[in-house]
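Novice: Turn this into a structure:
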Amino acid sequence: MKPKEKGPGRNKRPMTGGKAGYTIPEAGAMVGLSRNGSYDAAARKEIPYLEFGRKKIVPKAVWDQKLGLENWRQVGDVAQEVCADIRDHNIKMQAELNRQKGEKS
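Specialist: I've put the predicted structure just below:
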């Protein structure tokens, strides 16, 4: 029998820059399913998952594509850019108004 590892870092996951998948209950919750309902849907192959030993992971890219979330994320990115442009424009206009008020005084 192999002795247990001791010390810091024994349970650390490699840094991947983000989560690559959801748990089955997380994926099910995204469509309004309970924990048990999520596992039932996975058993019916309605929620795709990969098995790593006892761990079951729903691949983020596959699930997001199935739900159509990728398009919404792109829309959200564009909306953020537009909001930033509007904010910058408002800041410039406010500075111009303040400058004009200063000249009149």
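Novice: only C-alpha atoms for contact and neighbour calcs from this point on.
Specialist: Noted.
Novice: Tell me how this protein divides into domains.
Specialist: 20-67, 68-105 (automatic domain parsing).
Novice: buried set for the one helix or strand residue 85 maps to?
Specialist: Taking DSSP states H and E as the criterion, residue 85 maps to helix 69-104. Buried residues in helix 69-104, counted by 16 or more other C-alpha atoms under 10 Å: none are found.
Novice: Which elements pack onto that helix?
Specialist: Contact partners of helix 69-104 among helices and strands, from 3 or more C-alpha pairs under 8 Å, 6 or more residues apart in numbering; DSSP states H and E: none.
Novice: quick one: average pLDDT of it?
Specialist: In this model, helix 69-104 has a mean pLDDT of 81.
Novice: next one: stretch 51-58
Specialist: On average, stretch 51-58 scores 92.
Novice: mind checking the end-to-end distance for it?
Specialist: 9 Å (C-alpha to C-alpha, to the nearest Å).
Novice: Equivalent analysis for stretch 48-60, please.
Specialist: With C-alpha to C-alpha as the measure, stretch 48-60 spans 10 Å from end to end.
Novice: Contacts for that stretch next, please.
Specialist: With contact meaning C-alpha atoms under 8 Å, 6 or more residues apart in numbering, stretch 48-60 is reached by 19-24, 27, 42, 47, 62-63.
Novice: what does stretch 20-39 give?
Specialist: Counting by C-alpha under 8 Å, 6+ apart, residues outside stretch 20-39 touching it are 42, 47, 49, 56-61, 63.
Novice: Go ahead and produce CSV holding the CA coordinates of that stretch.
Specialist: Taking C-alpha atoms only, stretch 20-39 is exported to CSV below (Å, rounded to 0.1, in the frame of the first residue of the first chain):
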residue,chain,number,x,y,z
ALA,A,20,-13.1,23.4,-17.9
GLY,A,21,-16.4,21.9,-16.8
TYR,A,22,-19.3,21.8,-14.5
THR,A,23,-20.5,19.2,-12.0
ILE,A,24,-23.7,17.5,-13.0
PRO,A,25,-25.7,19.4,-10.4
GLU,A,26,-24.2,22.8,-11.6
ALA,A,27,-25.1,22.0,-15.3
GLY,A,28,-28.6,20.9,-14.3
ALA,A,29,-29.2,24.0,-12.2
MET,A,30,-28.5,26.1,-15.3
VAL,A,31,-31.6,24.7,-16.8
GLY,A,32,-33.7,24.6,-13.6
LEU,A,33,-33.2,21.0,-12.5
SER,A,34,-32.7,19.8,-9.0
ARG,A,35,-29.7,17.8,-7.9
ASN,A,36,-31.5,14.5,-8.4
GLY,A,37,-33.2,15.7,-11.6
SER,A,38,-29.7,16.6,-12.9
TYR,A,39,-28.4,13.1,-12.3
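Novice: I appreciate the help and will end here.
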